[in-house]
Every structure is written in C-alpha cells, then in structure tokens.
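**Q** Structure for this input, please:
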Amino acid sequence: QVQLVESGGGLVQAGGSLRLSCEASGRTFSSYVMGWFRQATGKEREFVAAISRRGLSTYADSVKGRFTISRDNAKNTVYLQMNSLKPEDTALYYCAADQRIIRASSLEYNYWGQGTQVTVSS
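**A** Coordinates of the predicted model:
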C-alpha cells in the first residue's frame, strides 16, 4: 500500500503560478502511474494530468500548455507545475497512484491523497 501527501496549494492571483508536490511512501514509486485530479465545489472530480512509469505525460484539454506534470523517482515525488492560472482552476487538487495498467484519465486509481486547495482570485 502507498500513502500520498500533497502540498503546495494556496491562494494566487489570476495569471500566477503554483507548483504542487505529491510525495509517496514506499520503495516502488517508479512502478506507479501517477495522476493529478481536481474537484471544484459542487462539481465532480475531474482529470488534470497523468504521467506514466516511463515519464510519458497526458493532459486534460483545459490545462494543456499551462500545466506540466513531472516525476522524480529518486524523491518518490510527482509535481504539477501550474502556470497562467485562471479562476476556473480553483479546486481541491488530488494526487493518485496505481500499479495496474489503467486508463490514466479515469478515476480507477487505487490510491489517493487527501488533497491540497488551490484558489485563484480574479
């Protein structure tokens, strides 16, 4: 079992940047596909970005060109660099992990963090 702890959220003005981090416990981090999801108040949880075991990334259309996902296997950490933030990016951001072969944009991940709040003011 793996535990995930997100950090880096906060309040930022529109157009600003934040970098989220998600640190995973355990020794097999490199074997996990990692994803970032978000959930705004009153809305369903949605896919943001994912990175494969080999470092291949995929993004939701709404964040392409603005967000970048990366991983550091030596630090058991996945990052989400968020630039040109918009008020509609305001949400609770979750990190997710899975060792299985799953659709990276799905909600099927086995492991989830508690989330970190991102608030973008206009």
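**Q** Now for Tyr111: which residues touch it?
**A** By C-beta atoms under 8 Å, 6 or more residues apart in numbering, Tyr111 lies in contact with Gln1, Val2, Gln3, Leu4, Ala96, Ala97, Asp98. Quick note: C-beta positions are derived from backbone N, CA and C, even for glycine.
**Q** just the buried members of the residues you listed?
**A** When the contacts of Tyr111 are checked for burial by 16 or more other C-beta atoms under 10 Å, the buried set is Val2, Leu4, Ala96, Ala97, Asp98.
**Q** What separation is there between the second one and Ser122?
**A** Remark: distance between Leu4 and Ser122 (C-beta to C-beta, to the nearest Å) = 30 Å.
**Q** partner residues bridging the residue nearest in space to the middle of the chain?
**A** In the chain, the centroid-proximal residue (C-alpha atoms, centre = their mean) is Trp36; its distance is 2.3 Å. Judged by DSSP bridges, the bridge partners of Trp36 are Ala49, Cys95.
**Q** Show me the buried ones among the contacts of Tyr111 that map onto strands.
**A** If you go by DSSP state E, the buried ones among the contacts of Tyr111 have Leu4, Ala96, Ala97, Asp98 in strands.
**Q** and the second one, what does it touch?
**A** In this case it means Ala96. Contact partners of Ala96, counting by C-beta under 8 Å, 6+ apart, are Leu4, Met34, Gly35, Trp36, Phe37, Tyr109, Tyr111, Trp112, Gly113.
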